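Chemist: with the input below, show me the fold.
(one chain, ligands or ions: 1)
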Amino acid sequence: MKTRKIKDRIYWVGSVDWDRRLFDALIPLPDGTSYNAYLIEGSERTALLDSVDPPMAGELLSKLEGVPRIDYIVSHHAEQDHSGTIPLILKKYPAAKLITTPKAKGMLIDLLRLPDESFITVEDGETISLGDKTLKFIHTPWVHWPETMVTWLEEDRILFSCDFFGSHIATSDLYVTDEKLVYGPAKRYFAEIMMPFRNVIEKNLEKLAPYDIAMIAPSHGQIYPRPAFIIEAYREWVLGPPRNRVILPYVSMHESTKQMVDYLVSALVERDVGVEQFNLEATDLGKLAMALVDAATIVIGTPTVLAGPHPYAAHAAFLANALRPKTKFLSIIGSYGWGGKTLETLAGMTANLKAELIDPVLCKGVPSEEDFKALDNLAAAIAEKHKEHNFI
Ligand code: FEO
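Modeler: Below you'll find the predicted structure:
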């Protein structure tokens, strides 16, 4: 895709990655993604904001063919999907200065072995003039690494936010035209990348609140011509209460755990609790992560195998623990043959959740009437907890 004009002397020079299907070797990307870089030509100086993932380097270099001079390369974030092509840009424009936070400088040297003399570090709130356009650098740590910042283009009121507010979507539409379509890809992105840092994100949202933003231009996905849409979505994901919902990732080997899952789902629905169940044999982990954003309770369903939880269940528990959702309650159900340490292992793996453990239900072999009764009690306990907290 060619260079695209956003406003007078402001251009998108990124790459759309239609074919990428996995991010961080972990989260599926059913809709692809993009790596957005932007070129801003001031009356006196020109700046490039971020670069693209190295496999797309050729695209960026070809977009820069008619650009005689770049004075500044702004690196908002050291991760290579945005910084990885900077060495080639510096080779093409050796006089360009690389603008970063002090923390990012060390990380970029570690990751890309860039020379010390190429850097200018900027403090929070510092500005650089391009002539008739002014770049203000706002430090926004932990969206989603410790070194991250955003750029406020004062005269045009555009916020270049890098990963912050990004979405995984490949499209020829530069701007969000259908907010309903981008909500899912943005939530998928938030769930994997931002959710663990909710408390800091809240502070960063507050920090950006005084700015009268006309447009948010992130480094993944589309530009937001109505910034309130994504800012409100972030506020909901970060600050909103959990919903009256149970996330039930499960795996079953000989149907006993599956019977328990089916029974519990019915028992919860009867009590007006919403459920999303995920068969871990074929689950899109991105969907599971998205569901974790606002569910009040997680119930993990697993057989005992090799004296502990099934490895798929352990994987889901590890992921939930790492993503640190706002989940309030946790339980475990499943079947075992003769013994093991399934409960202890899963409880140990989910300490970050700080969730209250509701009595697990483990049954020997196929579930008996007594086990189904215990599942009824579990469903009743979950429904009661959700009601006590007014989760809706
Ligand atoms: Fe899109 Fe954290 O890189």
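Chemist: could you pull up phi and psi at S167?
Modeler: Backbone torsions of S167, given as degrees, to the nearest 10, read phi -150, psi 150.
Chemist: and it, what's its pLDDT?
Modeler: pLDDT, S167: 97.
Chemist: interface residues of this protein facing the ligand?
Modeler: Within reach of the ligand by CB under 6 Å from any ligand atom, the chain has these residues: H77, E79, D81, H82, H144, D163, S219, H220. No exception for glycine: its C-beta is placed from N, CA and C like everyone else's.
Chemist: spit out the contact partners of the fifth one.
Modeler: By CB atoms under 8 Å, 6 or more residues apart in numbering, the contact set of H144 is D163, I193, M194, P196, F197.
Chemist: surely the fourth one and N321 touch.
Modeler: No: checked against CB atoms under 8 Å, the pair P196 and N321 is beyond contact range at 9.9 Å.
Chemist: still on that earlier bit, just give me the closest of the residues of the chain next to the ligand to S34.
Modeler: H220 (5.9 Å; CB to CB).
Chemist: the closest one: neighbour count?
Modeler: Using other CB atoms under 10 Å, H220 has 27 other residues around it.
Chemist: could I get the residues of the chain next to the ligand as a markdown table with secondary structure?
Modeler: Converted to a markdown table, these look like this (DSSP: H, G, I helix; E, B strand; the rest coil):
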| residue | secondary structure |
| --- | --- |
| H77 | coil |
| E79 | coil |
| D81 | helix |
| H82 | helix |
| H144 | coil |
| D163 | coil |
| S219 | coil |
| H220 | coil |
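Chemist: quick check, A170 in a helix?
Modeler: No: assessed with three-state DSSP, A170 is coil; it does not lie in a helix.
Chemist: quick check: chain neighbours aside, which residue is closest to it?
Modeler: Distance criterion CB to CB, 6 or more residues apart in numbering; nearest residue to A170, sequence neighbours excluded, is G32 at 2.9 Å.
Chemist: burial of the one you found, as a residue count?
Modeler: By the criterion of other CB under 10 Å, G32 has 17 neighbours.
Chemist: quick check: it vs A347, distance?
Modeler: To A347, G32 is 38 Å away according to CB to CB, to the nearest Å.
Chemist: next, count neighbours for the residue nearest to C363 when sequence neighbours are not counted.
Modeler: The spatial neighbour of C363 that comes closest, neighbours along the chain excluded (CB to CB, 6+ apart), is D371 at 4.0 Å. Using other CB under 10 Å, D371 has 21 other residues around it.
Chemist: ok so, going back, wait, the residue nearest to A170 sits on V16?
Modeler: Yes: judged on CB under 8 Å, G32 makes contact with V16 at a distance of 7.1 Å.
Chemist: joint contacts of these two?
Modeler: Going by CB under 8 Å, 6+ apart, residues that sit against G32 and also against V16 are A170.
Chemist: helices of this protein, residue ranges please.
Modeler: Listed in chain order, the helices of the chain (DSSP state H) span 57-63, 80-83, 86-92, 102-112, 179-189, 198-208, 227-239, 256-270, 285-292, 311-323, 342-349, 369-388.
Chemist: name the surrounding residues that touch the fifth one.
Modeler: This points to helix 179-189. Applying CB under 8 Å, 6+ apart, the external contacts of helix 179-189 come out as 27, 31, 163, 165-169, 176, 220-222, 226, 229-230, 233, 237, 286-287, 289-290, 293.
Chemist: N204 versus the residue of the chain found nearest the ligand, what's the distance?
Modeler: The ligand sits closest to E79 of the chain, with a gap of 3.7 Å, by CB to the nearest ligand atom. Computed as CB to CB, the E79 to N204 distance reads 17 Å.
Chemist: kindly report the same for H139.
Modeler: Per CB to CB, H139 is found 9 Å from N204.
Chemist: of those two, which one has the most company?
Modeler: Between H139 and N204, N204 has the larger neighbour count (other CB under 10 Å), namely 23 against 19.
Chemist: could you pull up the residues touching the nearest residue to that one once chain neighbours are set aside?
Modeler: The shortest distance from N204 to any non-neighbouring residue, by CB to CB, 6+ apart, is to T140 (4.4 Å). Contacts for T140 (CB under 8 Å, 6+ apart) come out as T148, M149, V150, S161, F164, N204, K207, L208.
Chemist: kindly recompute the last result at 6 Å.
Modeler: By CB atoms under 6 Å, 6 or more residues apart in numbering, T140 lies in contact with T148, M149, V150, N204.
Chemist: any figure for the gap between the closest residue to L26 other than its chain neighbours and L323?
Modeler: Spatially, and ignoring its direct neighbours in sequence, L26 is nearest to L285 (6.6 Å; CB to CB, 6+ apart). L285 is 10 Å from L323, where distance means CB to CB.
Chemist: please state the offset of the lowest-mean-pLDDT helix or strand in the chain from the chain centre?
Modeler: One helix or strand of the chain scores below all others by mean pLDDT, DSSP states H and E: strand 27-28, with a mean of 88. Mean C-alpha position of strand 27-28 versus that of the full chain (CA atoms, centre = their mean, to the nearest Å) differs by 11 Å.
Chemist: swap in stretch 135-142?
Modeler: In terms of CA atoms, centre = their mean, the centre of stretch 135-142 is set 19 Å apart from its chain centre.
Chemist: likewise stretch 140-158?
Modeler: Relative to the centre of its chain, stretch 140-158 is centred 16 Å away, using CA atoms, centre = their mean.
Chemist: same question for that stretch, mean pLDDT?
Modeler: In this model, stretch 140-158 has a mean pLDDT of 97.
Chemist: for it, buried residues please.
Modeler: Neighbour-count burial for stretch 140-158 flags 140-145, 147-153, 156, 158 (criterion: 16 or more other CB atoms under 10 Å).
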